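> Using only what follows, build the 3D model:
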Amino acid sequence: MEPNALTVPVDRALDNRVPRLELTTNESAAIRAVADAVLDEEPGRPLDEQLDRVAVYAHELPVRIRILLTEFRLTGRPYGGLVLSGLPVDESLLGRTPASYSGQPSSPEVQCATAMLLLIGSLLGDPFSFYTQQRGQLVLDVFPVPGHEQAQLGSGST
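Okay, here's the model as predicted:
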């Protein structure tokens, strides 16, 4: 364990903003490696069918992140919100934004980002979804839909 790994410096500004944790380069690389391991274990198998493995792999994330997320899960303090910044997502590899709400991004980079979010989410609780909302996706893709730029819609419902 690295020195001071049990202390989690979080930017908790005095102006009541939601706390923010900026991931280190090593933490970002470690999260990416764990997400890649999840995806490599059973290539092609949907992540929503691997939640048991995702929950186990989540305990391989860096200790500082596990401590912070566990503290947040148990207390929700101090502000009921938390921003993790610095997840290793290469935006140039995400692919094109879908043209309609029924489109679904599906590049390998999107899969990796989904795995990272499920790993982090598994430390906060059990991921769940509703089939009637965006076809039961566990991680929702939020993107602009032409013609609906000014509306707040739950367009994923069918």
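
> ok, then the element right after the longest helix seen in the chain?
The longest helix of the chain (DSSP state H) is helix 25-41. Counting by DSSP states H and E, the next helix or strand C-terminal to helix 25-41 is helix 51-57.

> check contacts around the residue positioned nearest the centre of the chain.
Nearest to the geometric centre of the chain sits Leu117, at 1.9 Å (C-alpha atoms, centre = their mean). Applying C-beta atoms under 8 Å, 6 or more residues apart in numbering, we find Leu117 in contact with Val139. C-betas here are computed from N, CA, C, even on glycine.

> does it belong to a helix or a strand, and which?
Using DSSP H and E, Leu117 sits within helix 108-122.

> Could I get the buried residue list for that helix?
109-122 (16 or more other C-beta atoms under 10 Å).

> Please name the residues that touch Leu94.
Pro105, Ser107, Glu109, Val110, Ala113.

> Throw the buried residues of helix 108-122 into TSV and include pLDDT and distance to Glu27, thanks.
Formatted as TSV, those follow (pLDDT from 0 to 100; distance: C-beta to C-beta, whole Å):
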residue	pLDDT	distance to Glu27
Glu109	90	19
Val110	87	21
Gln111	91	21
Cys112	93	16
Ala113	93	16
Thr114	91	19
Ala115	95	16
Met116	95	12
Leu117	93	15
Leu118	94	17
Leu119	96	12
Ile120	95	12
Gly121	93	17
Ser122	94	17
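
> Go through the residues you listed and say which is closest to Leu82.
Proximity of the buried residues of helix 108-122 to Leu82 was ranked by C-beta to C-beta; the top entry is Ile120 with 10.2 Å.

> Next, count neighbours for Ala37.
Number of residues near Ala37 (other C-beta atoms under 10 Å) recorded here: 14.

> what's the closest non-adjacent residue to it?
Sequence neighbours aside, Tyr57 is the residue nearest to Ala37 in space, at 6.3 Å (criterion: C-beta to C-beta, 6 or more residues apart in numbering).
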